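Colleague: Whatever this is, show me its structure:
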Amino acid sequence: MAHEPAQTEAGKAEHHGHGAGRYWLVWIVLLACTGLTVYTGHYHPNIYLALIIAIFKASLVVLFFMHMTEAPGANRLVFSVSLVFTLVMMVGVFGDLLTRNPMSLPGGAPPPSEFQAP
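Modeller: Predicted coordinates for the structure are as follows:
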C-alpha cells in the first residue's frame, strides 16, 4: 500500500495543478481571435471591433498565462480597475471625436485646391 504524504492546507494552496489542455484551449482561442482580427482588418475595418478583440485577447493572456485566476484579491482588483479605466478612456476619446466639428478632424480639411484664389 502506497503511503502519500499528508499535505497541509498551506501546501495545497502553494501547489496549483494546471493541465496542459487549459493552455492549449486558450492558445487556440487566441489564434482564432488573431484570425478574426486579420479578417476584420481586411474586409470590415472598424476600430471599435479591433479594440474589443484586442482587449479580449489581452484579458485571456493575463487571466490564464499570467495566472490571474489564482491571484489574491488585491491583484484581481487592480486588473478589474485597469479594465474599467481602459473603457473610460476609450469612451472619452471616441466620445470627443464623435462630437467634434468635421472640419476639426484630421481627415475633414478641404483639399488645398479650394484655398487658391481663382
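
Colleague: give me the number of residues near Met68?
Modeller: Met68 has 16 neighbouring residues, counting by other C-beta atoms under 10 Å. For glycine as for every other residue, the C-beta is placed from the backbone atoms N, C-alpha and C.

Colleague: With Arg100 instead?
Modeller: Other residues within reach of Arg100, judged by other C-beta under 10 Å, total 11.

Colleague: so what's it up against?
Modeller: Arg100 makes contact with no residue under the criterion C-beta atoms under 8 Å, 6 or more residues apart in numbering.

Colleague: any idea how far Phe85 is from it?
Modeller: Applying C-beta to C-beta, to the nearest Å, one obtains 23 Å for the distance of Arg100 from Phe85.

Colleague: same question, Pro45
Modeller: To Phe85, Pro45 is 26 Å away according to C-beta to C-beta.

Colleague: how close does Gly35 sit to Phe85?
Modeller: According to C-beta to C-beta, Gly35 stands 29 Å off from Phe85.

Colleague: meant to ask about Tyr39, not that
Modeller: Using C-beta to C-beta, one obtains 29 Å as the distance from Tyr39 to Phe85.

Colleague: No more questions from me, cheers.
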